[in-house]
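S.K.: Fold the following, please.
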Amino acid sequence: MKSVYFGKVSMLLGIASMALVYSLTGCGNNTQTQQKNPADTAGNAFDISTLTKITDTTLTDNKVSVFAQDSLTSKNETIYIQFTDLEGSPVTNAHLDYDVIMDMGMMSHGGPYYPLIDLGNGLFKAEVVFIMANMDDMGEGWMLHAVLNKKDSLSFLLPVSEAKPARTIPVGTKDDSQVFVSLLLPAEVKTGSQPIDFTLHKMDHNLFSVLDGYTVEIEPFMPDMGHGSPNNKTATTKGNGRYSGMVNFTMKGHWKIKVNLFKGGEKVSQEELVFPVEVR
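M.R.: Residues are numbered from 1 along each chain as shown. You can find the predicted model right below:
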């Protein structure tokens, strides 16, 4: 885990050098506006009762609630934002812009995030990569800023703890300086062959842009048994910073996925990343 430790130190030093406070339109990526996604629409096809409410607030005529699948941790997370009237009925004509900021007290910085998806029935989906956890006695922590219908500004404190095991790890690269590699695989999985997905983002001062054109080489390894597994497929770019491959876990137990970044057939990551996985 030596590479992970020094990667985190490097990340914090890099962030500390950016003594900037970003506004709603200048943090992380630019402000993300909502999109329609035909393949992922309709609040009537999504059971919000399965989610955990993180926070909410009440406006003059509306209630705004923020949900997640579970508690938020320092990794690629999906957040759901719901708009209702005061009686709890969905507000179907809402328009939302959003941004995320890490308030560290003396300074603030952004983080990677994707455009909002309108799921219908007053429900929106936001995908955010929390590149670090909130820290005690260092500002407010992660905040979600939103503008509703281009007039009402909202701010929500987000309780983001450290992901264990790590699922977003920074690594130095030959051409793109520091890159945040996020593994979307859960901490526990079942045996057998299954998709393995990553997102890649580049930290460039106040921007966290998506990175395409890499390949993510994976090597699953079982330390207790001293072997790997066959029939794994390198994760290749799918656009918008997303990568997908296949990983094969041949038996139950503790596994480690070794990850290296390649570009143009050349290894460009400065150290190997290691993501632990429990196979049940």
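
S.K.: domain parsing for this protein?
M.R.: Per automatic domain parsing, the structural domains of the chain span 19-161, 168-279.

S.K.: average model confidence for the first one?
M.R.: What domain 19-161 shows for mean pLDDT is 84.

S.K.: 316 is where my numbering starts, stick with that
M.R.: All set: I'll call the first residue 316, so the last point we hit is now domain 334-476.

S.K.: Excluding covalently adjacent residues, which one is nearest to residue 491?
M.R.: Leaving aside its chain neighbours, residue 491 sits nearest to residue 517 (4.8 Å; criterion: C-beta to C-beta, 6 or more residues apart in numbering). In short, each C-beta sits where N, CA and C put it, glycine included.

S.K.: Oops, could you answer that again for residue 515 instead?
M.R.: In space, residue 515 is closest to residue 526, 4.1 Å off (C-beta to C-beta, 6+ apart).

S.K.: got the contact list for that neighbour?
M.R.: For residue 526, the contact set (C-beta atoms under 8 Å, 6 or more residues apart in numbering) comprises 491, 494, 515-517, 556.

S.K.: repeat that for 6 Å
M.R.: Neighbouring residues of residue 526 by C-beta atoms under 6 Å, 6 or more residues apart in numbering: 515, 517, 556.

S.K.: Residues in contact with the helix or strand harbouring the second one: which ones?
M.R.: Element membership of residue 517, judged by DSSP states H and E, is strand 507-519. Residues external to strand 507-519 that are found in contact with it (C-beta under 6 Å, 6+ apart): 391, 427, 491, 493-500, 523-526, 531, 550, 556-563.

S.K.: do that again at 8 Å, thanks
M.R.: Contacts to strand 507-519, defined as C-beta under 8 Å, 6+ apart, come from residues 326, 329, 391, 427, 444, 446, 485, 491-500, 523-527, 529, 531, 533, 546, 550, 556-564, 572, 574, 576.
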